[in-house]
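> Provide a 3D model corresponding to the input given below.
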Amino acid sequence: ALSAAKPNMGIMPRCNVLGFAALSTNLPHLLSVVRKYGPATMAIANTILHGAAPLDSSPQILQYSRSHYPRQTRPRVTDYLPCEELHPQTPASASVIWLHGLGADGNDFVPIIPLLRLPREPAIRFVFPHAPSIAVTANNGHVMPAWFDILEFAEERKFNPVQLLGSAAAVHALIDREIERGIPSERILLAGFSQGGAVNYQAALTYDKPLAGLLALSTYFPTHEAIEVHPANAALPMLLCHGTNDQILPIRLAMNSRRYLERLGLHPQFKSYFMAHEVCGEELEDVASFMQDHL
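Next comes the predicted model:
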């Protein structure tokens, strides 16, 4: 079914449908955390790598932020998220780190890659991390793969900011690992679907070396009020893709994300498609073009 995808034929990644809807921007305490706390440190990465921290652990995170790790000296992380990887036939010269949505895992977008019909050059390594399984409060406490806990499906959607920062820290660690494997930061691109995209907004814009770009697929920008964009990625190329029939994350949230990014001085591309909370053939063509343009 995937190989026969056409521009208006949707491909629904595996997910827990409720989970995509709950993120939050109404978190005053997150403002002081993120403004002081640019790129994440090992202490925050451990939140997502070794267990979910409760919402009231924010003061602990503030304590770490006050210790003021310089941007260029993040503690070294040696314990990484488990990942699926697709390797090119020749030594990799570029990398894509692609985060799945809530309730899925790192295998979710692996079948998508052949549909991109990318040329052999550049030789791209695709990295698909697995989110840890945690209890999701808004889904009756069911345990499922998630980048952060969702607390409430209110208009001001609430989530656990400590866990989101922890997931962004874990992505930073994966970027660092790709650099250690010989890929320049300028040839590392982040992609994320839904909850994974929400994490990658934070991860990409706070990373302390220039990245190739960000693909934000059917997602939105939960930390826009608090984030301090690192100068290294103040001109980050970005492509926002969203479905006009998305009932999980309505397209207005993606349009708001574009506006928030523009207020921060960024210039994202924005494309919409006649689809629901999924991916489609036309979108994949745009994703492939973006990768070829920026890798």
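> what's the burial count for residue 276?
The number of residues packed near residue 276 is 15, by other CB atoms under 10 Å. C-beta coordinates here come from the backbone N, C-alpha and C atoms, glycine included.
> nearest spatial neighbour of it, skipping sequence neighbours?
Of all residues not flanking residue 276 in the chain, residue 245 sits nearest, at 4.8 Å (CB to CB, 6 or more residues apart in numbering).
> residues contacting the one you found?
274, 275, 276 (CB atoms under 8 Å, 6 or more residues apart in numbering).
> Tell me where the stretch 1-150 of the chain is predicted with low confidence.
Along the stretch 1-150 of the chain, segments meeting pLDDT under 70 span 1-78.
> change it to 50
Scanning the stretch 1-150 of the chain for pLDDT under 50 picks out 1-12, 14-73.
> Now name the helix or strand holding residue 175.
helix 161-180 (DSSP states H and E).
> Export the following helix or strand past that helix to PDB, keeping only CA atoms.
Scanning forward in sequence from helix 161-180 by DSSP H and E, the next helix or strand is strand 188-193. Taking Å, rounded to 0.1, in the frame of the first residue of the first chain, the C-alpha atoms of strand 188-193 are listed here in PDB:
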ATOM      1  CA  ILE A 188      22.400  16.900   9.800                       C
ATOM      2  CA  LEU A 189      18.700  17.400   9.300                       C
ATOM      3  CA  LEU A 190      16.000  16.900  11.900                       C
ATOM      4  CA  ALA A 191      12.500  15.600  11.000                       C
ATOM      5  CA  GLY A 192       9.600  14.900  13.300                       C
ATOM      6  CA  PHE A 193       5.900  13.900  13.000                       C
END
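> what separates strand 188-193 from the chain centre, distance-wise?
6 Å (CA atoms, centre = their mean, to the nearest Å).
> and if you look at stretch 171-184?
16 Å.
> what comes up buried for that stretch?
By 16 or more other CB atoms under 10 Å, the buried positions in stretch 171-184 come out as 171, 172, 173, 174, 175, 176, 177, 178, 183.
> Report how many residues lie close to the closest residue to residue 82 other than its chain neighbours.
Nearest residue to residue 82 in three dimensions, chain neighbours excluded: residue 130, at 4.8 Å (CB to CB, 6+ apart). Number of residues near residue 130 (other CB under 10 Å) recorded here: 17.
> before we move on, the earlier item: need the buried residues of stretch 171-184 in a markdown table with pLDDT, can you?
Converted to a markdown table, the buried residues of stretch 171-184 look like this (pLDDT from 0 to 100):
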| residue | pLDDT |
| --- | --- |
| 171 | 98 |
| 172 | 98 |
| 173 | 97 |
| 174 | 98 |
| 175 | 98 |
| 176 | 97 |
| 177 | 97 |
| 178 | 98 |
| 183 | 98 |
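> how about these in JSON lines, adding distance to residue 84?
Converted to JSON lines, the buried residues of stretch 171-184 look like this (distance: CB to CB, whole Å):
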{"residue": "171", "distance to residue 84": "15"}
{"residue": "172", "distance to residue 84": "19"}
{"residue": "173", "distance to residue 84": "17"}
{"residue": "174", "distance to residue 84": "12"}
{"residue": "175", "distance to residue 84": "17"}
{"residue": "176", "distance to residue 84": "19"}
{"residue": "177", "distance to residue 84": "15"}
{"residue": "178", "distance to residue 84": "15"}
{"residue": "183", "distance to residue 84": "17"}
